[in-house]
Every structure is written in C-alpha cells, then in structure tokens.
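>>> no sequence on hand, only this structure:
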C-alpha cells in the first residue's frame, strides 16, 4: 500500500468517526422530541374528566388517547365492543398546549395515570405538565405544588386495531333515527339510578319512554322484587323531553349502564338519546376549571331482555363496523350538547 492509499484510509476513518456522533445525536433528538405537551394550573380538572371514565379500582384499565391540535381525547372500549366511553380535554382547558399538526394515538394504563395525577392527594391543587414522547414510548407527568416537583413516566401501550372505534359505534348510532331525546338534571338521575342499582339481584334496567304520562319510566327486577321510578314531563328533573313514537321500551345491562353513569356526580345535566335500534348515547356536561367539557357513552341495548309481546323490534343492534359502512362517522359530540333545538319544547 502506497502513501496515498494510507492517507485515504485515514480520511475515511476520520469521516466515519465523525458520522457516529452525528447519528447518535440525531437518534437522541428523535427520542426527546414530543408529540404533544401541555400545562394546566389545576390537575384536578384532568383528574375529574378521567375519573368519569375509570372503573374506580386499581385494576389495570387500558385507554386509548388521541392527541390533536384541538386537544386530547381518551377512549375506553368495553370487552364486548358494545359499550364505549369518551372523554375530551379541549386545548382551551390548558394554560399551554402544543401538538404536532398530524397528531397521534397511543394506549395508556388509565388506572396508573390517575394514580400519578393524585400523588399529592385527591383534593390537592397541584399544577400538571403532560407530554408524550413517541421515540421512547413514554408519557410523562410532572406535578408541582408549593415548590415541590414530582415526575412520573408511564410506558405507553401498542394501539390495538379496534382501539379508536368510538367513531364506528357513533356511526351505528347515527345510522338510525333518534326516537327519544331528553336532558335531565344529573343529580336527579343519579339518585334514581342508585336506587335501582341497589336492588339485590338486579342485572338490567328497562328504559321506557312515551308521549303520554308518565313519559319516562326506569325499572328493574331483582331477587326479592322489583322497583320502578317515573318522571312525568312536567317534572323539574327535565330540561327537555321528546319521544317520537307513541312509546318505546329497551333493556340495558346494569353493568354497562354503571359505566355510563359514573360521570353523574360531576355533571350538571345529562343528555340521553336512543335511536330506533336501541343504541343509547349518554352525554354528560361536566364543568372543570370554568370550562364545559363533555363525557360521552354509547351503549347497545340488551334485546334478549325485551318481551316478545311488546311489539318492539327484536333485532340485535348492528355491529359498529357494519353500521359505520352505512352511516356517517360523526361523533355524538358533534351534535353539541345544549343547542337551541335540544332545549326547545316540541
């Protein structure tokens, strides 16, 4: 090897050696780049909305989070895919909010996230900073209270194929006309639901609506008897009530409805709609940090509990994916709660 070849080898080695730190630096920057970051002065606002979706125990509960420039959306899907819950955190709720234009999705353990947000206690007034780093699959929570900082890092989960199917079930709801719409005071509905749920052996709740008194009736049967609660249209419980057919009757599993009613302690009013296939949309108006936010639940009826002599359709509600092919993918929140039409007398 002559002198020129030796010099070329040395140059290539020096160039290769320079490329290694540059590649490592680029990889490090990619890992440190966040998809979104936000800050809120009172972490309880986030905790309140997420608590409306939580099953209330320390058992792992997986949620899917979608981050967009408009805010964060958390979705919980039931095991049978016939119940889904969605909680939205608008960017306006935060004092600072930044997100990549294309946004992104990831899975997270909701139970662990709530534990992190409540490290200083349920009633603490800590501020919170949230960020997601796709490069390391890390969701970071930083809390600050009275100058004390605490950081938690949660490993995110791989997004499942059916993770963000809320739009599909919403399309199933939209694919059939709505037959009943009512806005109810949340406190009144909470007391009524609790009374029915406390009946020993109760497994389902029947929802009956009619154009005639008593207009709305909730009932259940248990091991030692039955119980029912009636709401006449003139009741102060209603902000609005309308029923298109002369009457309707659908049954819903108590376990599914319990998930749909978890937001009642935090809500002011609850918007309930049922379409002709028996799919129920429950939308709670929850005020946090001076902003109205919305928690949505979609529940399919348990048609096996409907008596054959009622004259009602016994068909099983369409599967979300099938109905989505025939209906728009517009979510319940797009039909904004509290519109003039909703409050208008029919």
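The structure has been received and is ready for your questions. Since this is a predicted model, take the numbers as computed values, not measurements. Numbering: from 1, shown residues only.
>>> quick one, phi/psi of the residue lying closest to residue 185 once chain neighbours are set aside?
Using C-beta to C-beta, 6 or more residues apart in numbering and skipping residues adjacent in sequence, the residue nearest residue 185 is residue 237, 5.2 Å away. To be clear about C-beta, it is placed using only N, CA and C from the backbone, and glycine gets the same treatment. With angles defined as degrees, to the nearest 10, residue 237 sits at phi -70, psi -30.
>>> same question for residue 200.
Per degrees, to the nearest 10, the backbone of residue 200 is at phi -60, psi 130.
>>> from residue 113, how far off is residue 282?
23 Å (C-beta to C-beta, to the nearest Å).
>>> residues contacting the closest residue in space to residue 83 that isn't next to it in sequence?
Residue nearest to residue 83 in three dimensions, not counting chain neighbours: residue 256, with 4.7 Å by C-beta to C-beta, 6+ apart. Each residue near residue 256 by C-beta atoms under 8 Å, 6 or more residues apart in numbering is listed here: 78, 82-83, 299, 302.
>>> assign a three-state SS to residue 256, would you?
Taking DSSP: H, G, I helix; E, B strand; the rest coil as the rule, one finds residue 256 in the helix state.
>>> just residue 67 next, same as before
Here residue 67 is recorded as strand under three-state DSSP.
>>> which one of the contacts of residue 256 is nearest residue 100?
When the contacts of residue 256 are ranked by distance to residue 100 (C-beta to C-beta), residue 78 comes first, at 30.1 Å.
>>> so what's residue 269 closest to, chain neighbours aside?
residue 285 (5.0 Å).
>>> right, and the helix or strand after the helix or strand containing that neighbour?
Assigned by DSSP states H and E, residue 285 belongs to strand 280-288. Next helix or strand after strand 280-288 toward the C-terminus (DSSP H and E): strand 291-299.
>>> tell me the centre residue of the protein?
Centrality entry for the chain: nearest residue to the mean C-alpha point is residue 86, 1.6 Å, by C-alpha atoms, centre = their mean.
>>> so that residue is in which element?
Counting by DSSP H and E, the element that carries residue 86 is strand 83-90.
>>> let me see the contact set for residue 245.
Neighbour list for residue 245: 179, 211 [criterion: C-beta under 8 Å, 6+ apart].
>>> look at it and report its pLDDT.
According to the prediction, residue 245 has pLDDT 95.
>>> for it, which three-state class applies?
Classification of residue 245 by three-state DSSP places it in coil.
>>> and it, how far from residue 178?
For residue 245 relative to residue 178 (C-beta to C-beta), the value is 11 Å.
>>> for residue 227, same thing?
Distance of residue 227 to residue 178, computed by C-beta to C-beta: 28 Å.
>>> likewise residue 216?
15 Å.
>>> then residue 212?
19 Å.
>>> who has more neighbours out of the two?
Taking other C-beta atoms under 10 Å, residue 212 and residue 178 do not tie; residue 178 has more neighbours (16 against 9).
>>> so residue 169 belongs to a helix, correct?
Yes - counting by three-state DSSP, residue 169 is found in a helix.
>>> so which helix or strand takes in residue 152?
Here residue 152 is assigned to strand 148-155, by DSSP H and E.
>>> tell me which residues of that strand are tucked away?
residue 154 (16 or more other C-beta atoms under 10 Å).
>>> check stretch 287-294 too.
Going by neighbour count (16+ other C-beta under 10 Å), the buried part of stretch 287-294 is 288-289, 293-294.
>>> and if you look at stretch 243-261?
243, 247-254, 256-257, 259-261.
>>> quick check: next helix or strand after the strand holding residue 86?
Next in sequence after strand 83-90, counting helices and strands by DSSP H and E, comes strand 96-99.
>>> show me what that next one packs onto, helices and strands only.
Applying 3 or more C-beta pairs under 8 Å, 6 or more residues apart in numbering; DSSP states H and E, one finds that strand 96-99 makes contact with strand 36-40.
>>> could you tell me which strands the strand it packs on is paired with, and in which direction each runs?
strand 96-99 (antiparallel), strand 127-133 (antiparallel) (DSSP bridges).
>>> before we move on, back to that, between the buried residues of stretch 243-261, which sits nearest residue 67?
The closest of those to residue 67 turns out to be residue 259 (C-beta to C-beta; 23.8 Å).
>>> thought that closest one was touching residue 55?
Yes - using C-beta atoms under 8 Å, residue 259 is in contact with residue 55, at 7.3 Å.
>>> give the contact list for residue 45.
Contacts of residue 45 (C-beta under 8 Å, 6+ apart): 93, 288-289, 291.
>>> any chance of JSON lines for the residues you listed, columns distance to residue 195 and pLDDT?
JSON lines is the format used below for those (distance: C-beta to C-beta, whole Å; pLDDT from 0 to 100):
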{"residue": "93", "distance to residue 195": "34", "pLDDT": "94"}
{"residue": "288", "distance to residue 195": "28", "pLDDT": "88"}
{"residue": "289", "distance to residue 195": "32", "pLDDT": "82"}
{"residue": "291", "distance to residue 195": "32", "pLDDT": "88"}
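>>> where does the stretch 101-250 of the chain have low pLDDT?
For the stretch 101-250 of the chain, applying pLDDT under 70 flags the ranges 123-124, 159-167.
>>> which stretches in it count as helices?
For the stretch 101-250 of the chain, helices defined by DSSP state H, counting those that start in this stretch occupy the ranges 110-117, 166-174, 186-197.
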